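Trainee: Can you look at this prediction? I've put the sequence above it.
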Amino acid sequence: MNSEFKWGIIGTGGIAKAFANDLDYVKDHKVVAVGSRKSNSAQQFASKYPGCTGYASYSELVADPSLDGVYIATPHNFHKEHTIMALNAGKPVLCEKPFAVNEHEVRSMIDLAQNKGLTLMEAMWTRFLPHIAKVREILASGILGEIFTLQADFGRRLTENNNPRLWEPKLAGGALLDLGIYPVSFSHLVLGAPSSIVAQATFTDKGVDAQTSAVFTYENGAQSIISASSHTQTPCTAHISGFKGFLEIDQQFYCPTAMRIVLQDGSKMEYPNTYKGHGLREQAIEFAHCVRAGKIESPLLPHNESISVMESMDEIRRQVGLRYPNE
């Protein structure tokens, strides 16, 4: 087996470029193909990466026999369509978060991957970062005691950004799917699926959410308070509080960042951030490992977890009245 993992990318937007650039930190991963609806976009993207072929259609890209895996970086509403296209072409898929627009779409993607015996993984890149591995370790150690409160937010002032994927209902725009997926997924990582959800939102004039907040409640009485905003910059921090102390994750908790434990006796343990690069490569490394090991899913983000997260997203949307065309 060739030690180099060869990637094809569907989409040429910002996240596709960030993913491709972050692979420069990994010696055995290479972007060899990119697909776009426009030939010039594909060629411009491909020109940045030696040996990369630009395809003027997604179907041409997934038919490329040299690919070991396909990374899908198109807007949310296309995730299902493009994942199914790639799987039907026999290609393992790493699909950007949110995995799809709703639970039904996610299940159809997973069912196909399982039927074909192909690796399918949600590119919720935060789940694969070193500081999140440390969070898992801290939680398993019991040093914080039973977790009773979680708080996480993700807000960015995007009102000057005219990218249609952020604002158009037909592209599944809005704060929840673009930003809220991070605190929702983080809450599931720490506390699991909630027993109940209460959510509220405010809307843009186009009918997508500008700001959404939710309280997740758990059977033991624990609560998770999460929020997302596309109109204001928020601290973007996360806190996990137990009976013995709390874990404070610094700004941009979803990125490589510093964090610390503060115990009831006042003692602290610091975890500085020494990571280099963006962090998108960690999911690529895990994905390649799964493909080569013949695994259909990653134990770090198994399929049932992606389904569970999307169930919470669907319930939030149901409560606030956020619907997209053709659902």
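Mentor: Perfect, I can see it now. Numbers count the residues shown, from 1 in each chain.
Trainee: Could I get the CA-only coordinates of stretch 224-244 as PDB?
Mentor: Below are the C-alpha coordinates for stretch 224-244, written out as PDB (Å, rounded to 0.1, in the frame of the first residue of the first chain):
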ATOM      1  CA  SER A 224     -25.900  22.500  29.300                       C
ATOM      2  CA  ILE A 225     -26.300  26.100  28.300                       C
ATOM      3  CA  ILE A 226     -25.300  26.800  24.700                       C
ATOM      4  CA  SER A 227     -25.600  29.700  22.300                       C
ATOM      5  CA  ALA A 228     -24.800  30.700  18.700                       C
ATOM      6  CA  SER A 229     -24.900  34.100  17.000                       C
ATOM      7  CA  SER A 230     -24.000  35.300  13.500                       C
ATOM      8  CA  HIS A 231     -24.600  38.900  14.500                       C
ATOM      9  CA  THR A 232     -22.300  39.400  17.500                       C
ATOM     10  CA  GLN A 233     -18.800  38.300  18.500                       C
ATOM     11  CA  THR A 234     -19.100  36.300  21.800                       C
ATOM     12  CA  PRO A 235     -16.200  35.000  24.000                       C
ATOM     13  CA  CYS A 236     -16.400  31.500  22.300                       C
ATOM     14  CA  THR A 237     -15.300  29.800  25.500                       C
ATOM     15  CA  ALA A 238     -16.400  26.600  27.200                       C
ATOM     16  CA  HIS A 239     -16.700  25.600  30.900                       C
ATOM     17  CA  ILE A 240     -17.300  22.200  32.300                       C
ATOM     18  CA  SER A 241     -18.200  22.300  36.000                       C
ATOM     19  CA  GLY A 242     -18.300  19.400  38.400                       C
ATOM     20  CA  PHE A 243     -18.700  19.100  42.200                       C
ATOM     21  CA  LYS A 244     -14.900  19.100  42.700                       C
END
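Trainee: Mind listing what's buried along it?
Mentor: Within stretch 224-244, the residues that count as buried by 16 or more other Cβ atoms under 10 Å are 224-230, 234, 236-242. Every residue, glycine included, has its C-beta placed from N, CA and C.
Trainee: Mind naming the longest helix for the protein?
Mentor: Ranked by residue count under DSSP state H, the longest helix found in the chain is helix 303-320.
Trainee: What is it packed up against?
Mentor: Contacts defined by 3 or more Cβ pairs under 8 Å, 6 or more residues apart in numbering; DSSP states H and E place helix 303-320 against helix 103-116, helix 181-191, strand 196-203, strand 209-217.
Trainee: Report the two of the buried residues of stretch 224-244 separated the most.
Mentor: Greatest spatial distance among the buried residues of stretch 224-244 (Cβ to Cβ): 230 and 242, at 31.6 Å.
Trainee: still on that earlier bit, of all the helices and strands packed on helix 303-320, which one is nearest residue 259?
Mentor: With Cβ to Cβ as the criterion, residue 259 lies closest to helix 181-191 of the helices and strands packed on helix 303-320, at 12.6 Å.
Trainee: name the element the closest residue to residue 222 other than its chain neighbours belongs to?
Mentor: Leaving out its chain neighbours, the residue that sits closest to residue 222 by Cβ to Cβ, 6 or more residues apart in numbering is residue 148, at 5.0 Å. Following DSSP states H and E, one finds residue 148 within strand 147-155.
Trainee: what angle do that strand and helix 181-191 make?
Mentor: Calculated by axes from the mean of the first three to the mean of the last three Cα atoms, to 10 degrees, strand 147-155 forms an angle of 170 degrees with helix 181-191.
Trainee: buried ones in strand 147-155?
Mentor: Buried positions in strand 147-155, judged by neighbour count with 16+ other Cβ under 10 Å: 147, 148, 150, 151, 152, 153, 154, 155.
Trainee: what is the mean pLDDT for the following helix or strand past that strand?
Mentor: Downstream of strand 147-155, the first helix or strand assigned by DSSP H and E is helix 164-167. For helix 164-167, the mean per-residue pLDDT is 93.
Trainee: Just the CA atoms of stretch 183-194, as CSV, please.
Mentor: Coordinates of each C-alpha in stretch 183-194 appear next as CSV, following Å, rounded to 0.1, in the frame of the first residue of the first chain:
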residue,chain,number,x,y,z
PRO,A,183,-21.4,23.8,21.2
VAL,A,184,-24.1,21.2,20.5
SER,A,185,-21.5,18.6,19.6
PHE,A,186,-19.3,19.6,22.5
SER,A,187,-22.2,19.2,24.9
HIS,A,188,-22.9,15.7,23.5
LEU,A,189,-19.2,14.9,23.9
VAL,A,190,-19.2,15.8,27.6
LEU,A,191,-22.7,14.9,28.8
GLY,A,192,-24.3,12.8,26.0
ALA,A,193,-27.8,13.2,24.6
PRO,A,194,-30.1,15.4,26.7
